[in-house]
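Enquirer: Need a 3D model of the sequence below.
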Amino acid sequence: RVTLIKSVLTSIPIYFFSFFRVPKVVVNKLVRLQRQFLWGGAEDHNKIAWVKWDTVCRPKEKGGLGIKDVNTFNIALLAKWKWNLFQQQGALWVRVLESKYGGWRSLHEASRNNKESTWWKDLKLALHHPDHGEALARSIVWKVGRGDKIKFWEDDWMGGGGALAAKYPRLYLISNQQNHNVQQMRVCKDSGWEWEFSWRRPLFDNEVGMAISFLNDVDSMQIYPQREDAWVWEADSSGHYSAKSAYDTMREFLHEGTVDKAHEELWKIKASSKVLVFAWRLLRDCLPTRANLHRRQVKVNDSRCCFCNSFEEDAGHLFFHCCKISPLWWESMSWVKIVGPFPQIPKHHFLQFINVLPKGVMVNRWKSWWLALTWTIWQQRNAILFSNATFNANKIMDDAVFLLWTWLRNLEKDFGTSFNHWSSNLSLGFTC
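Expert: From the prediction side, this is the model:
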């Protein structure tokens, strides 16, 4: 489902996202469709959304599923027009827009008339977004050349220190050279190029110190008359704008959270996408266990574990500490000679399981085993509840061993061990 959302529900409208600002009502409808599909709902009925959508849209290493946030993705695609307007100056389509609207600079100015097209207004709205607009602006850095494209006072061209007009507002107010470009602020004399400033009045005594600081800042900047002014996109190592890097930058700017070690390790594992999403839900404790269903106000006739019929069925008990399940983990640990208790919280159990390993254990296979065993435990639980099956610890173990073997055979290079040999020598299968 995650793959289909990324490849279909997010990809199909990309063409329209690239041209128009998506109305809020459309964004909400698209998100509703994605959310319903992810959790198995439909138009006529909804299922429980176990994780809020903003969390689902986080990067995988930060606890999400990496599904694109529609609104942010739309702005990232629209912002490329500004980049292309600057980079392709002289192109026919750019000259047409410059004559009609004023070019890339007019995207940050008030409307000059009421005849602007809906498309141009959409670009302005995207770039003026209260959160995303600032993130985009911070990522564009001027590479100073001759200075004929850079506004001396109004543009941030001095290495991220902000525009001079904002840094020295009193000097800006008394300057006769507002809206001048950098090239116009310099004159050629016998000794070389020098700055030439013009003020509406003499400086007051309390402005002298500010003026000295201003001159020091300006003198520290190097001008290169032989090359053109250019933009560098700092969010990408290539220096060129991409919708992906813009999207990541905007999401990061919104304080999306820090890297979660457990989820970072989870998505490194080579396994079925379906099982990885299941494990993601387990780490977040959002599987429909009886305890979780009860917390969601879903009527549950019996909240006891279907394996032991003794304790409440929460994730910690069901997967790790049930008296019927814990022997499976003990047997697994005996293969690599690990002893000791393990936490009950799924995320903590996963981290300790993959980190407390003796030397010589193949870590990637050991991580995959955690997935295989938890997955088959969940399958056995569902078979008991919905197919009237009986608990069979040997079947859980055999199914998990076979599942792991199929993953290794298909996803691990140079793995050619037969299943009979693999299942008969499990301790050797996890060691170098």
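
Enquirer: for the protein, which spans come out with low pLDDT?
Expert: Across the chain, the ranges flagged by pLDDT under 70 are 41-44, 110-113, 160, 190-192, 255-257, 360, 432.

Enquirer: just checking, what's the longest helix in it?
Expert: helix 363-387 (DSSP state H).

Enquirer: so what does that one touch, helix or strand wise?
Expert: On a contact count with 3 or more C-beta pairs under 8 Å, 6 or more residues apart in numbering; DSSP states H and E, helix 363-387 meets helix 273-283, helix 326-335, helix 346-355, helix 393-411. All C-beta atoms are positioned from the backbone trio N, CA, C, and that covers glycine.

Enquirer: In JSON lines: those, plus distance to Q297 and mean neighbour count.
Expert: Supplementary listing: the helices and strands packed on helix 363-387 in JSON lines, determined by distance: least, C-beta to C-beta, whole Å; neighbours: other C-beta atoms under 10 Å:
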{"stretch": "helix 273-283", "distance to Q297": "19", "mean neighbour count": "19"}
{"stretch": "helix 326-335", "distance to Q297": "31", "mean neighbour count": "15"}
{"stretch": "helix 346-355", "distance to Q297": "23", "mean neighbour count": "18"}
{"stretch": "helix 393-411", "distance to Q297": "31", "mean neighbour count": "17"}
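
Enquirer: Reformat those helices as JSON lines; add distance to Q380.
Expert: JSON lines is the format used below for those (distance: least, C-beta to C-beta, whole Å):
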{"stretch": "helix 273-283", "distance to Q380": "14"}
{"stretch": "helix 326-335", "distance to Q380": "10"}
{"stretch": "helix 346-355", "distance to Q380": "17"}
{"stretch": "helix 393-411", "distance to Q380": "5"}
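
Enquirer: wait, which of those is closest to R105?
Expert: For the helices and strands packed on helix 363-387, the distance to R105 is smallest for helix 273-283, at 44.9 Å, taking C-beta to C-beta.

Enquirer: what angle separates the closest one from helix 393-411?
Expert: 120 degrees (axes from the mean of the first three to the mean of the last three C-alpha atoms, to 10 degrees).

Enquirer: what angle separates helix 273-283 from helix 363-387?
Expert: 80 degrees.

Enquirer: For helix 273-283, name the packing helices and strands.
Expert: helix 2-4, helix 261-266, helix 346-355, helix 363-387.

Enquirer: Distance to H317 added to those helices, as a markdown table?
Expert: Listed next are the helices and strands packed on helix 273-283 as a markdown table, based on distance: least, C-beta to C-beta, whole Å:
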| stretch | distance to H317 |
| --- | --- |
| helix 2-4 | 28 |
| helix 261-266 | 19 |
| helix 346-355 | 11 |
| helix 363-387 | 11 |
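
Enquirer: ok, K60 to V94 distance?
Expert: 38 Å (C-beta to C-beta, to the nearest Å).

Enquirer: for K395, same thing?
Expert: 67 Å.

Enquirer: one step back: now for the helices and strands packed on helix 363-387, which one comes closest to I223?
Expert: When the helices and strands packed on helix 363-387 are compared (using C-beta to C-beta), the closest one is helix 273-283, at 52.4 Å.

Enquirer: Tell me which of the helices and strands packed on helix 363-387 lies nearest to K121.
Expert: helix 273-283 (39.7 Å).

Enquirer: Next, find the distance separating S387 from K395.
Expert: 13 Å.

Enquirer: One more: S418?
Expert: 21 Å.

Enquirer: same thing with L428?
Expert: From L428 to K395 the distance is 23 Å (C-beta to C-beta).
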